[in-house]
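# what follows is a predicted protein model with its sequence.
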Amino acid sequence: MEAVYGHGVRCAAVLQKLAKVGGGLEHGLVFASHLGDPRVSFQVVFPVVLVLFSPTLGHAVLRCAIISEWLNLVFKWFLFGERPYWWIFESGFYSYKDPEVQQFSVTCETGPGSPSGHCMVTAAVMWVMVPSLENYVYKLCRSRWMARTFTWGPALLLLMAVGISRVFILAHFPHQVIAGLVTGTCLGWLLRREKLTQGWGVRAYSIASLSLICIALAFQYCLLALGLDLHWSMRLAQHWCARKEWVHLITTPLSSLMRDSGACCGLGLAQHMFGALRPTRGGPLLHAACAVLILLALHLLDSLKIPSDPLLLFYAFIFLKNTALPMVVMGIFHFFI
């Protein structure tokens, strides 16, 4: 396995050298990593798709993001994958000279590295979303080739950019990126095929939200009972990150768990408060204005400061913020559309 890790670091070194030669390519790859953040699926893709295309598709996107990120959390606890930015120093693989690579502000994620959550969640959401967008574009242009080109083309380019960016910033090894893409694609295909959770009410969503927490914590407890240290990655991140301010609690596995559980609970509450999905009304300008307003509201919600101490309060606020997210989106949508 050491040879695989060493090859991954060499790939990152080559990418970083090419990016320096390419001028602004470095900033583009860092931006691509931001685009692949699972939070983007919650805070941007879900509301935009719901308002501009279809409420049903928007809900499917959010459900897919919740399920895929939760499964990614369980996989990471089970697989215990290293991350390049700390493995370089911890492994002893480089006896004489460390490789010439650098860290970035988005490098120092705190959870285990396998599989890549950015790639897994993005691939799953794309597989659920893009086929519906393809049908929508086909109705406009009546050309299946053009519809596939203008939907699957950008989607595949985005997945490639996210995968490359995760290796480039030393957040993942190439095999972790590939594992995330393959797992996310399979999961997205399954969720789209089975159409899971359609027709659920607030009670079912509440039970699902509680189940996400209980199953994950029970799994964590079993690992702890076996003598496994689940906080090893956090300690390594704090020790080997180039700048301490680049280590954020929002990247911890428990933050992901609270985000998923909160969004699941909020989706059920939003459906209960604002009723069943209905066909949209109004013209494209009204829909665009509504989408902009929702994104501004979610930006304000996300910008609320969360106290990092005590940790229990921090995770409670993460849960509450993400419970409010679907309610804000659907509340504004039902008011304007």
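Looks like it arrived, so ask away.

# measure stretch 297-309 end to end?
Its start and end residues considered, stretch 297-309 measures 26 Å (Cα to Cα, to the nearest Å).

# can you list the buried residues in that stretch?
297-298, 306 (16 or more other Cβ atoms under 10 Å). Yep, even glycine has a C-beta here, placed from its N, CA and C like the rest.

# the helices in the stretch 201-337 of the chain, which residues?
Ranges of helices in the stretch 201-337 of the chain, per DSSP state H, counting those that start in this stretch, are 202-225, 232-240, 253-274, 284-302, 311-336.

# list the helices and strands the third one packs on?
The criterion is 3 or more Cβ pairs under 8 Å, 6 or more residues apart in numbering; DSSP states H and E, and the helices and strands that helix 253-274 contacts are helix 38-40, helix 55-79, helix 202-225, helix 311-336.

# okay, the angle between it and helix 202-225?
170 degrees (axes from the mean of the first three to the mean of the last three Cα atoms, to 10 degrees).

# thinking again about what came up before, can you redo the helices of the stretch 201-337 of the chain as a markdown table with mean pLDDT?
Supplementary listing: the helices of the stretch 201-337 of the chain in a markdown table, determined by pLDDT from 0 to 100:
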| stretch | mean pLDDT |
| --- | --- |
| helix 202-225 | 84 |
| helix 232-240 | 92 |
| helix 253-274 | 91 |
| helix 284-302 | 93 |
| helix 311-336 | 92 |
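
# isn't V162 up against T122?
Yes. The pair V162 / T122 is scored as a contact, 5.6 Å apart, by Cβ atoms under 8 Å.

# where in the stretch 101-250 of the chain is pLDDT low?
By pLDDT under 70, the low-scoring segments of the stretch 101-250 of the chain are 194-199.

# run a quick neighbour tally on A289.
Per other Cβ atoms under 10 Å, the neighbour tally for A289 reads 13.

# excluding chain neighbours, what is closest to it?
Excluding the flanking residues, the one nearest A289 by Cβ to Cβ, 6 or more residues apart in numbering is F336, at 7.5 Å.

# okay if I get the buried residues of stretch 297-309 as TSV plus distance to I213?
Compiled in TSV, the buried residues of stretch 297-309 are given as follows (distance: Cβ to Cβ, whole Å):
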residue	distance to I213
A297	26
L298	23
I306	18
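
# and those residues, which is closest to I332?
A297 (6.3 Å; Cβ to Cβ).

# ok, the residue lying closest to the closest one once chain neighbours are set aside - contacts?
Once flanking residues are discounted, A297 sits nearest to V328: 5.3 Å by Cβ to Cβ, 6+ apart. Each residue near V328 by Cβ atoms under 8 Å, 6 or more residues apart in numbering is listed here: 294, 297-298, 301.

# which one of those residues sits closest to A179?
L298 (30.3 Å).

# contacting residues for that closest one?
Going by Cβ under 8 Å, 6+ apart, the list of residues near L298 reads 43, 47, 325, 328-329.

# can I get these in a markdown table with distance to R142?
Below are the contacts of L298 laid out as a markdown table (distance: Cβ to Cβ, whole Å):
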| residue | distance to R142 |
| --- | --- |
| Q43 | 34 |
| P47 | 29 |
| L325 | 37 |
| V328 | 37 |
| V329 | 32 |
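
# which two among those residues are spaced furthest apart?
Applying Cβ to Cβ across the contacts of L298, the maximum distance is between Q43 and V328, 10.3 Å.

# three-state assignment of the residue of the chain most remote from its centre?
Largest separation from the mean C-alpha position in the chain: Y96, at 37.2 Å (Cα atoms, centre = their mean). Secondary structure state of Y96, per DSSP: H, G, I helix; E, B strand; the rest coil, is coil.

# same check on the one 10 residues further on?
On the three-state scheme (three-state DSSP), V106 is labelled coil.

# dump the residue contacts of it.
When contacts are counted by Cβ under 8 Å, 6+ apart, V106 touches 30, 33-34, 169, 171, 246.

# quick revisit: of all the helices of the stretch 201-337 of the chain, which one is nearest V4?
Nearest to V4, of all the helices of the stretch 201-337 of the chain, is helix 232-240, at 18.5 Å by Cβ to Cβ.

# now, which of the buried residues of stretch 297-309 sits nearest R193?
For the buried residues of stretch 297-309, the nearest to R193 is L298 (29.7 Å; Cβ to Cβ).

# just give me how far stretch 246-266 sits from the chain centre.
Distance of stretch 246-266 from its chain centroid, counting by Cα atoms, centre = their mean, to the nearest Å, is 10 Å.

# buried ones in that stretch, by neighbour count?
Taking 16+ other Cβ under 10 Å as the criterion, stretch 246-266 shows 246-247, 249-266 as buried.

# CA atoms only for that stretch - export them in CSV, please.
Extracted in CSV, the C-alpha atoms of stretch 246-266 (Å, rounded to 0.1, in the frame of the first residue of the first chain):
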residue,chain,number,x,y,z
TRP,A,246,-7.0,25.8,7.8
VAL,A,247,-8.3,23.0,10.1
HIS,A,248,-12.1,23.4,10.5
LEU,A,249,-14.5,21.5,12.7
ILE,A,250,-17.1,21.7,9.9
THR,A,251,-15.0,19.1,8.0
THR,A,252,-15.3,16.5,10.8
PRO,A,253,-17.4,13.3,10.2
LEU,A,254,-19.8,14.2,13.0
SER,A,255,-20.5,17.6,11.3
SER,A,256,-21.4,15.7,8.1
LEU,A,257,-23.7,13.4,10.2
MET,A,258,-25.5,16.4,11.8
ARG,A,259,-25.9,18.1,8.4
ASP,A,260,-27.4,15.0,6.9
SER,A,261,-29.7,14.3,9.8
GLY,A,262,-30.8,18.0,10.1
ALA,A,263,-31.5,18.3,6.4
CYS,A,264,-33.6,15.1,6.5
CYS,A,265,-35.6,16.3,9.4
GLY,A,266,-36.0,19.8,7.8
